[in-house]
Structures are given as structure tokens and as C-alpha cells.
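J.: Below: sequence and its predicted model.
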Amino acid sequence: MTIKPLIILPDPLLRQVSASVERIDDDVRRLADDMLETMYDAPGIGLAAIQVGVARRMLVIDVSREGEEKTPLVFINPEIIKSSDERSTYEEGCLSIPDYYAEVERPAIVTVKSLDRDGKEQITEADGLLATCLQHEIDHLNGVLFIDHISRLKRDMVIKKFTKVAKQKAL
């Protein structure tokens, strides 16, 4: 397994819509393993393939708490097929927007249809942190960032800050 470099805001790749995974093979499973390794190393609880520079509709999640046994989940071609009217708010962060957190309101419960690492269809009904994480990562696959769910003023400030940091690193 390989730890992959993370794509950081303002990289335009983060705004790209990811393509469906056409065939699940050893390369796709290896990518899932690398993504999990990268996510755990960061550390984070979710990672979309686009965040490691691969524009494929794949994501990995593990919302287990520190000290608990790891419960890695792999979602290939995930699609939200149902979401509740009930809303919940979580403070979200993102490995591609380091050290920035904001309250985001999303549906409290979602049902996601996807394929697992062996190509079997899976239906996941999620609430709480898992529901938030799934929505956050699926947004990535559609070129949407969690800062798109906050006020324009705050979003513009975050983008400006990360653009300035990127320019300084390029010097």
C-alpha cells in the first residue's frame, strides 16, 4: 500500500466531476487500499479518489473512534438514492482544505447505493456522522466542496487564503 499525496485547495482538480468506475479489478482494489492508507495517515475519516488526483467515482470512509477497531468502508460509484427531510449539523473539515472547519447542515439520514470492492451492489442507510461523511465525499465526486455549503463571504475568504498559500509555496 502507498500513501498518496493529497490535492489541496485551490487545485482546480477538486472541481472536476469524477467519471464512473467501469470495471472493478486489481487496480481499483489497490487504489482503494492506497486511499485507506492515505486517509489513516492524514488522519481523516473519509477520502474521495479525486483528493489523490484520480477522477474516478470512488471513496473510502472509516468513522470508527480512536481506540475502536477500524471499520474501513469502500464505496464505488456511490449514489444517494434517498435523503431525509430532517436535517443535522456537523462541524466539517476536509483533508484538501487543511485546518479549516465550519458548521454544515445536511440531511440527517441518507440511503446510498454503490458497489463494494468486489463489485457487489450494496445499499447503505446511514445517519449521524456516517451520513454526513458520505454526503461530504460524494460531493467531492461531483466537484463540490464543503465550503460551498457555507456563506459566500466565508467561502471567498477561505479560497483567498489557500490561493495565497499556494502562490507562496510556488515561489
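T.: Arrived safely. From a predicted model like this one, the values you see are computed outputs, not experimental measurements. Numbers count the residues shown, from 1 in each chain.
J.: so what's the backbone phi/psi at G44?
T.: Torsion angles at G44 (phi, psi; degrees, to the nearest 10) stand at phi -150, psi 180.
J.: That one and D62, how far apart?
T.: Using CB to CB, to the nearest Å, G44 is found at 9 Å from D62. C-beta: built from backbone N, CA, C; applies to glycine.
J.: Ok, E91 next?
T.: Using CB to CB, one gets 18 Å for the distance from E91 to D62.
J.: What are the boundaries of the strands in this structure?
T.: For the chain, applying DSSP state E gives strands covering 46-48, 58-61, 73-83, 87-94, 97-107, 109-115, 121-127.
J.: now those in CSV, with distance to R29 and mean neighbour count?
T.: Converted to CSV, these look like this (distance: least, CB to CB, whole Å; neighbours: other CB atoms under 10 Å):
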stretch, distance to R29, mean neighbour count
strand 46-48, 15, 29
strand 58-61, 10, 28
strand 73-83, 8, 19
strand 87-94, 25, 16
strand 97-107, 28, 15
strand 109-115, 12, 19
strand 121-127, 15, 14
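J.: What residue, apart from its backbone neighbours, is nearest G93 spatially?
T.: Y101 (4.5 Å; CB to CB, 6 or more residues apart in numbering).
J.: my read: that neighbour touches F146, true?
T.: No. Using CB atoms under 8 Å as the test, Y101 is too far from F146 to be in contact (9.3 Å).
J.: Find the residues that touch each one of the two.
T.: Counting by CB atoms under 8 Å, 6 or more residues apart in numbering, the residues touching both Y101 and F146 are 92-93.
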